[in-house]
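**Q** following is a predicted model, sequence given first.
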Amino acid sequence: DISSPSIAATGGTGATGRTTRSTTAGPAGSNGSVVITPGPLEVQKTSVVTSDAVSGSNPKSLPGATIRYCIVIRNNWGGDATDVVLTDSLPAQTSIVANSFNKGTTCADATNSEPLASITGSTVTATIGALATSTSYALAFQVTLN
């Protein structure tokens, strides 16, 4: 399963709201996505198997496969969100790939090293800070399927 990321933020307007979730996720490491809208901050998490030890052109979720996760937060508030912190739990049977935290504004451009992301146990944390109105933050990282 693709786990649901968690966010915390203050500031902006309309800070409270309902949470909705839609998912097209399959088993751990399969390609899929989950979308969460807690109030005006929208969070989308996607995964894609990028490589395995068997197939170079059509990778599968096999032991040793590399999976790229990307989490995008979009600020739809009427003001800036402050103190934004993203947390996410790694799926069971996975290990983080060292130095794979990258940031950007979309999954496609999340290629810049993200020094404010870390892992403790199986929990990924990114301290984003401020996120201006109508802007996005993307965190991408890779895991290995054990």
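**A** Alright, I've got the coordinates. Nothing here was measured: the structure is a model prediction, and the numbers come from that model. Numbers count the residues shown, from 1 in each chain.

**Q** check which helix or strand covers the spatially most distant residue from the centre of the chain.
**A** Here the chain reaches farthest from its C-alpha mean at Val54, the gap being 26.5 Å by C-alpha atoms, centre = their mean. With the criterion set as DSSP states H and E, no secondary-structure element contains Val54; it sits in neither a helix nor a strand.

**Q** quick check: closest non-adjacent residue to it.
**A** Once flanking residues are discounted, Val54 sits nearest to Leu62: 6.3 Å by C-beta to C-beta, 6 or more residues apart in numbering. Quick note: C-beta positions are derived from backbone N, CA and C, even for glycine.

**Q** the one you found reaches Ala53, doesn't it?
**A** Yes - look at Leu62 against Ala53 with C-beta atoms under 8 Å: they come within range, at 6.9 Å.

**Q** the residue positioned nearest the centre of the chain pairs with what?
**A** Centroid check for the chain by C-alpha atoms, centre = their mean gives Ile71 as the closest residue, at 2.3 Å. Beta-bridge partners of Ile71, counted by DSSP bridges, are Lys45, Leu139.

**Q** please, where are all the strands along this structure?
**A** Remark: strands assigned in the chain by DSSP state E are 6-10, 21-23, 32-36, 41-51, 66-75, 81-89, 94-96, 102-104, 112-113, 117-120, 123-131, 136-145.

**Q** those strands: lowest mean pLDDT?
**A** For the strands of the chain, the weakest mean pLDDT is recorded on strand 21-23, namely a mean of 33.

**Q** identify the residues contacting Gly104.
**A** When contacts are counted by C-beta atoms under 8 Å, 6 or more residues apart in numbering, Gly104 is found next to 110-112, 138, 140.
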